[in-house]
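[1] Here's a sequence, model it:
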Amino acid sequence: MNKPADNISLRRSKKLTVCLTLGVILLLFLIVQSAVIKSGALAGDAGIFVTTDKLVYGPGDKIGLNINVDSGEESLSGNLIISVYPPASPRAPERLSGEPVSQAVIDQEFRVSGQNGLLYETDVAKLSAGTGGFPVKISLVGEQGEMLSGTTWLAVVEPGARGPIDLVLLWTAGSPPERGPQGVFETIRLLERCRDEPRTPDSLLQHHEMAARYPNIRTTYAFEGSLLDQISDMSDGFALAAENGDIPGAGEDAPLEAAQLAASCLESLRDLAETGNAEIIATPYQFASLPLLAREGWADGSGQYRIGHDVLTSALALPAVPKGAYVPNLDLTTDSLRYVAATGGEYAVLAGSIRQSVAGRIQPGELLFRLRDLGGERITAIFADDDASAVLLGEAPDPNAFFAVLANAYRSTESPLVVAASPVSNPALTADDRARVYAELSLQPWIQTLTLGQAKNKYRPGTEPVTLQRYVDPLEEGYITRTYYQELARVHELFEAYRVAVDTDEPKLLELVKNMYTAESGYFLRPNASPEEANLGLAYLEHVNSFVEGELAGIEVKVKTPWLQRNAEGEALVTIQNGNHYPFNMRLVLAGEAVEFPGEGSQDIRLQPGSMEIRVPYRSEGWSGITASLESRGNSLVADSAGIRPVTSRVWIVLIAGLLATAGGASYYLFVMRRR
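    Predicted coordinates for the structure are as follows:
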């Protein structure tokens, strides 16, 4: 047996070992964190940034590269090298791997401490570049290898080598909801996009300006319905919420200047629609995820397009509803194709990756397809070039990479058509960069721009319709997104039951529908939605939920049955009270366990304001109950129940005998026993 002193010494030794081990682990952790922070600072602050003096070069042109080297807080020195790689896709991960087609030293003793810039001049011949879109890397290489690097693209084209390629540019413009569910605007960020000075990068005034400045460049535009709806309402004068957000009543009227800004913005968009080089296509009221709506079996996609059509044509004073349609995120599935086709859309741009989901006979060189779903709905699909769409109208636009894509397309003989379509609601390309791109396009004879409708007519599909077989689960996992969607699904079920029950000319219905469609916006359902965004969406859902429940509270149903009935057959009296000022179309459903209805146990009724009574015969073999409910789309909205108490002849005899016996006993007690 160990002595107590030995045990104490052993415990102290173990504690010391544990403390030393934890100390070493903590020290190593701090060293690693310090290295990570240092490398992160270097990676975040340091790098080589390159711009070119032109976006497109000919075989004999001079090239000017403006190179800015930022070493962060480091002092570095080495060889500054330019490497040109074979033509590649801007999204290809291996575009800078393998052997370069040429390599040259820009500066053998380049030193940098902080920032150092230089202008490097060369020509296409010295870089051994033929024609196409070439990835270029500028790197600072020391004894231990590459320390810093930066990339750009060179588009080298020999005009006249073949006929011009056709280019379609599809630009989108949308806006997060800026007014609350009661219609009071909580922010005026949208108006900032309507100011002439200063101009925001996503200015709405740029569109008409581009059309006027570059009349030979054709562009197709897709404006979100709710964006135009908000601008139209602002132009008529609007209420602005107070800083504390209490609405309505706590706010104030926006200044007259705000309404004038909105009116001038709307006029600019109307002028754009009247130009000869712009095409306006239809969009849903909100840029919602059509595959998500279709997966749930909701008809909202078709409704979104219908309201989007109405808002678009009225706001921009269009003479007719456009035949072309924009699919949000360029994302379409077999079950969401009907949304575009069923509302009059004849053609739409889809993401190029969807082409792989087309099943059917495809002719070589076919550019457009007549797509059909399993129900027979059809549209003409024009597939976007995913490279051109991403590098010009995606999250990180790069005009050099865009022209590299066009140069590769011109160099190839496979396709004469390139479609650059916006996969996001508001392209990140600034107005200045866009003007630079348009100016370059206007100078290049090997590029001819078309609108989407012109491309559809020129490359009309000549094959029989092919089937789209594409099913996806568009809902990204995430706590906020998933929680928001669950509330959306619950309120949507209640909303649809109410919508089907009331007439479409009910004035409040359109406002309610717009609130519901706003809650379906991709702004709230995107994977990285913030709690603030989700809370705004939940405010719309709460408004819809409260309104519907308040209207349904004005409807009451009562069912009455006889207190006792002499046989199995009876008659229920159903009284329905509608306290609202408008009628409802509902289905009265009666049900009960072991209860039969010789007539109709359910019937469609039109419930006018006021009261109505309905008598329903029934048959029951024993004591039971009956429930009367008013339903819409299979959902019970209001219900009441009553008991069924049939009493047969034998039971009546027993009851009467019992009553007589009771009466006789009472009489005997009163008149005989009590006297005794």
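
[2] switch to C-alpha atoms for all contacts and neighbour counts from now on
    Fine.

[3] Relative to residue 266, how far out is residue 239?
    According to C-alpha to C-alpha, to the nearest Å, residue 239 stands 18 Å off from residue 266.

[4] just for this protein, where's the confidence low?
    1-45, 242-251, 361-365, 476-477, 505, 507, 566, 647-658, 664-676 (pLDDT under 70).

[5] Now the closest residue to residue 116 other than its chain neighbours: phi and psi?
    Leaving aside its sequence neighbours, residue 116 sits nearest to residue 69 (C-alpha to C-alpha, 6 or more residues apart in numbering; 5.2 Å). Phi and psi for residue 69, reported as degrees, to the nearest 10, are phi -110, psi 130.

[6] Residue 69: what's it in contact with?
    Applying C-alpha atoms under 8 Å, 6 or more residues apart in numbering to residue 69 gives the contacts 46-49, 112, 115-117.

[7] Among those, name the buried ones.
    Neighbour-count burial (16 or more other C-alpha atoms under 10 Å) applied to these gives 46-49, 112, 115.

[8] can you map out the strands along the stretch 501-650 of the chain?
    All strands of the stretch 501-650 of the chain, identified by DSSP state E, counting those that start in this stretch, fall at 555-560, 569-578, 584-591, 595-596, 602-607, 610-620, 624-632, 635-644.

[9] which other residues reach the third one?
    Spelled out, that is strand 584-591. So strand 584-591 is contacted by 500-503, 601-608, 626-632 (C-alpha under 8 Å, 6+ apart).

[10] do the first one as well
    Contacts with strand 555-560, where a contact means C-alpha under 8 Å, 6+ apart, come from 572-580, 627-630, 638-642.

[11] Please, a PyMOL command that selects the buried ones among the residues you listed?
    Buried residues among these (16+ other C-alpha under 10 Å), as a PyMOL selection:
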select buried, resi 572+573+574+575+576+577+578+579+627+628+629+630+638+639+640+641+642
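
[12] from the contacts of residue 69, which is closest to residue 444?
    In terms of C-alpha to C-alpha, no member of the contacts of residue 69 lies closer to residue 444 than residue 49, at 26.4 Å.

[13] rewinding a little: what subset of the contacts of strand 584-591 is buried?
    501-502, 601-602, 607-608, 626-632.

[14] Which elements pack onto the helix or strand containing residue 407?
    Applying DSSP states H and E as the criterion places residue 407 in helix 399-411. Counting contacts by 3 or more C-alpha pairs under 8 Å, 6 or more residues apart in numbering; DSSP states H and E, helix 399-411 packs against strand 132-142, strand 145-156, helix 386-393.

[15] Can you give me the buried ones in stretch 206-226?
    Per 16+ other C-alpha under 10 Å, stretch 206-226 contains these buried residues: 206-208, 210-212, 214, 216-226.

[16] mind listing the helices for the stretch 301-450 of the chain?
    Using DSSP state H, counting those that start in this stretch, the helices found in the stretch 301-450 of the chain span residues 337-341, 386-393, 399-411, 431-443.

[17] returning to that earlier point: need the contacts of residue 69 in CSV with distance to residue 415 and secondary structure, can you?
    CSV is the format used below for the contacts of residue 69 (distance: C-alpha to C-alpha, whole Å; DSSP: H, G, I helix; E, B strand; the rest coil):
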residue, distance to residue 415, secondary structure
46, 40, coil
47, 37, strand
48, 35, strand
49, 33, strand
112, 46, strand
115, 44, strand
116, 43, strand
117, 40, strand
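
[18] Quick one: these as CSV, columns for distance to residue 83 too.
    CSV is the format used below for these (distance: C-alpha to C-alpha, whole Å):
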residue, distance to residue 83
46, 20
47, 16
48, 14
49, 15
112, 20
115, 22
116, 20
117, 18
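
[19] What is the nearest of those residues to residue 253?
    Using C-alpha to C-alpha, the contacts of residue 69 come closest to residue 253 at residue 49, 47.7 Å.

[20] Could you pull up the residues touching the closest one?
    67-69, 150-151.

[21] May I ask which of those residues has the most neighbours?
    residue 69 (26 neighbours; other C-alpha atoms under 10 Å).

[22] Run through the bridge partners of that one.
    Counting by DSSP bridges, residue 69 forms beta bridges with residue 48, residue 116.

[23] Isn't residue 353 up against residue 386?
    Yes: assessed by C-alpha atoms under 8 Å, residue 353 is found in contact with residue 386 at 7.4 Å.

[24] if you count what's nearby, which of the two comes out ahead?
    A count of neighbours by other C-alpha under 10 Å puts residue 386 above the other of residue 353 and residue 386, at 21 against 13.

[25] what about the closest residue to the more buried one other than its chain neighbours, distance to residue 158?
    Distances taken as C-alpha to C-alpha, 6+ apart place residue 352 nearest to residue 386, at 5.6 Å, with adjacent residues excluded. As judged by C-alpha to C-alpha, residue 352 and residue 158 stand 27 Å apart.
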